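Q: mind looking at a prediction? Sequence and model below.
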Amino acid sequence: LTVGQKLYASVMAIFLVFAVALIMFQQNREKQFKIEALNIRLQGYNDHMAESLDTMEHTSFGIMKKYVAMHNMPGLRVTIINTKGDVIYDNMTKEQYFHLFDGIVMDYVPDVSLQKIYYGCPGTGKSHKVKGLTEGKDNEKVVYFDQSGNLIEDISTIADRTKVTTNIFRTTFHPDYDYSSFVGSYKPVMVQVQDGNGNDTDKEDLIYDFVPQVFTNAYVRAWKSLADESLTDAKKQVYLIIEEINRGNCAQIFGDLFQLLDRKNGYSEYPIIPDAELRKYLAKQGLESNRLKLPCNLHILATMNTSDQSLFPMDSAFKRRWAMEYVPINLDGKNSDGTDSDAKNYTFTVKGVEYSWLNFLKKVNPLIRKATDSEDKQMGEFFIKENISEEDFKNKVMFYIWNDVCKDLYSASRLAPQFFMRDNEGEGRENAFTFAELYGAGRFNEEENSYTEPSDLLEGFITKYLKLKKIEATPDPNAEQQQAPEE
């Protein structure tokens, strides 16, 4: 062989050896990182256990989390590696893995969004819908905890429930609501004075301490529930409910918590550094205190009346971080599951005669929409909660119609054609009435020099202007039947 051929053969032999070695290395690497799709490596198991983990290449993080929880080994350590094999976190305890790693996604898929605003006209059942999603039909979704935070399996066995907490936290925004009302602040509190042995005495002392509010309470409960291996995934869910979210200054109330609303895999994508007092409180609770991030089991649900004239409109950047669900007016008397709605049988009474509430809404809502050039002021089927009397109908329904719809259409010199508080057909001033005329002597009729009584005005509005029919009595099937005469 020539020198060139020998050199070529040598190079090819080296190349083949290198190729075989590369293939073997890749196979070994694939075996070593068999669960690299999970980005975790578990230490502290024997070879048999490690081999069983090799088969979990396509397993989700949630299943792996359950697998780790099931084998409660004190010496377990977790290493987080990226797809290149670089060690990101090393020698983590199981608790640190559960708390800190963003990639943990529970297999349990809750039927409630992480962040959603339910909005619509007043009385459409927004709060009722949220209550059903979070509590269930018969409170079956409510999870109870004792004063120490331990699960109460059977709440019926607890006589004194004053110190019992749940997985549901509720608040209502209003114009004076602020960050400290939402998160917490230092306040003067009374504490028991202890003797030299650490026992409580009869004396109390005044100190200043951080008092957590609804957000912090929900946040702490969510992280503790997530780390509690005795809870099922369904019982780990925690709900923070905000009623009337658009009535408060959301920018002021949320402050830097606004950044936490950006979520990835259920967790806040951009953690924030808490204030010193909040950091100290979280440390006392045994939670990570150097940063705040929402966990994947904390749901924030809010309601919003579109008819409310908010003092502090929510900006688009804030609303963009929420899922939105419109709750429509439903006048067919059916729930979403096809069952009869409670509102189907609601009635109101005028001069001793009962009228259907839903039929009333079918008549009056188009007039409201025409008068306001908007759908927002219409009334929903749950604007009333039960059968109501004539007095309640005037104070609740007629006052709303006057104050929110018709008042600006009425003046001493001008009556807009859209004004519809009338006791008879026609557009003249003679058949119009104000809310105040539903009380006292009623409406004074100048041409006749007489008064129309308040109850007659209301009856005329219902029967003559809206042309609403009264509810006919249902025949009693058990009524005594007439016998045919004997021949």
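A: That came in fine, so what should we check first?
Q: only alpha carbons, please: show stretch 332-348 as PDB.
A: Extracted in PDB, the C-alpha atoms of stretch 332-348 (Å, rounded to 0.1, in the frame of the first residue of the first chain):
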ATOM      1  CA  ASP A 332     -86.500  31.300  29.800                       C
ATOM      2  CA  GLY A 333     -86.600  30.100  33.400                       C
ATOM      3  CA  LYS A 334     -83.900  27.500  32.900                       C
ATOM      4  CA  ASN A 335     -80.500  26.900  34.400                       C
ATOM      5  CA  SER A 336     -77.500  26.100  32.200                       C
ATOM      6  CA  ASP A 337     -78.000  22.400  33.100                       C
ATOM      7  CA  GLY A 338     -81.600  22.400  31.900                       C
ATOM      8  CA  THR A 339     -83.200  22.400  35.300                       C
ATOM      9  CA  ASP A 340     -85.800  25.000  36.300                       C
ATOM     10  CA  SER A 341     -84.400  28.300  37.600                       C
ATOM     11  CA  ASP A 342     -85.500  29.700  41.000                       C
ATOM     12  CA  ALA A 343     -86.400  32.900  39.200                       C
ATOM     13  CA  LYS A 344     -89.000  31.000  37.000                       C
ATOM     14  CA  ASN A 345     -91.600  31.200  39.800                       C
ATOM     15  CA  TYR A 346     -90.700  34.700  41.200                       C
ATOM     16  CA  THR A 347     -93.700  37.000  41.500                       C
ATOM     17  CA  PHE A 348     -94.500  40.500  42.700                       C
END
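Q: and it, what's buried?
A: Buried residues in stretch 332-348, counted by 16 or more other CB atoms under 10 Å: 341, 343-344, 346-348. In this view, the C-beta of every residue, glycine as well, is placed from N, C-alpha and C.
Q: now stretch 458-472
A: Neighbour-count burial for stretch 458-472 flags 458-463, 465-466, 468 (criterion: 16+ other CB under 10 Å).
Q: rewinding a little: okay if I get the buried residues of stretch 332-348 as TSV plus pLDDT, distance to Val112 and secondary structure?
A: Output for the buried residues of stretch 332-348, formatted as TSV (pLDDT from 0 to 100; distance: CB to CB, whole Å; DSSP: H, G, I helix; E, B strand; the rest coil):
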residue	pLDDT	distance to Val112	secondary structure
Ser341	89	22	coil
Ala343	93	24	helix
Lys344	93	27	helix
Tyr346	96	28	coil
Thr347	97	34	strand
Phe348	97	34	strand
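Q: may I ask you to name the longest strand in the chain?
A: Using DSSP state E, we find that the single longest strand of the chain is strand 200-212.
Q: got any ranges where the stretch 301-450 of the chain has weak pLDDT?
A: By pLDDT under 70, the weakly predicted segments of the stretch 301-450 of the chain are 309-310.
Q: what do you get if the cut-off is 90, keeping everything else the same?
A: 306-316, 333-341, 411-414, 426-430, 446-448 (pLDDT under 90).
Q: where do the helices sit along it?
A: Assigned by DSSP state H, counting those that start in this stretch, the helices in the stretch 301-450 of the chain fall at 316-319, 357-372, 390-392, 399-400.
Q: okay if I get these as TSV plus distance to Phe420 and mean neighbour count?
A: Output for the helices of the stretch 301-450 of the chain, formatted as TSV (distance: least, CB to CB, whole Å; neighbours: other CB atoms under 10 Å):
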stretch	distance to Phe420	mean neighbour count
helix 316-319	33	12
helix 357-372	5	18
helix 390-392	19	14
helix 399-400	13	16
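Q: from Gln115, how far out is the residue nearest the centre of the chain?
A: The residue lying closest to the centre of the chain (CA atoms, centre = their mean) is Leu301, at 2.0 Å. Separation of Leu301 from Gln115 (CB to CB, to the nearest Å): 8 Å.
Q: also Thr347?
A: From Thr347 over to Gln115 (counting by CB to CB), the distance is 38 Å.
Q: can you give me the helices in the stretch 101-250 of the chain?
A: Ranges of helices within the stretch 101-250 of the chain are 126-135, 179-182, 214-227, 250-254, based on DSSP H, counting those that start in this stretch.
Q: next, the buried residues of the first one.
A: The neighbour-count criterion (16+ other CB under 10 Å) identifies 126-127, 129-131, 133-135 as the buried residues of helix 126-135.
Q: circling back to that earlier point, need the buried residues of stretch 332-348 in JSON lines with distance to Ser307, can you?
A: Output for the buried residues of stretch 332-348, formatted as JSON lines (distance: CB to CB, whole Å):
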{"residue": "Ser341", "distance to Ser307": "21"}
{"residue": "Ala343", "distance to Ser307": "18"}
{"residue": "Lys344", "distance to Ser307": "24"}
{"residue": "Tyr346", "distance to Ser307": "20"}
{"residue": "Thr347", "distance to Ser307": "24"}
{"residue": "Phe348", "distance to Ser307": "21"}
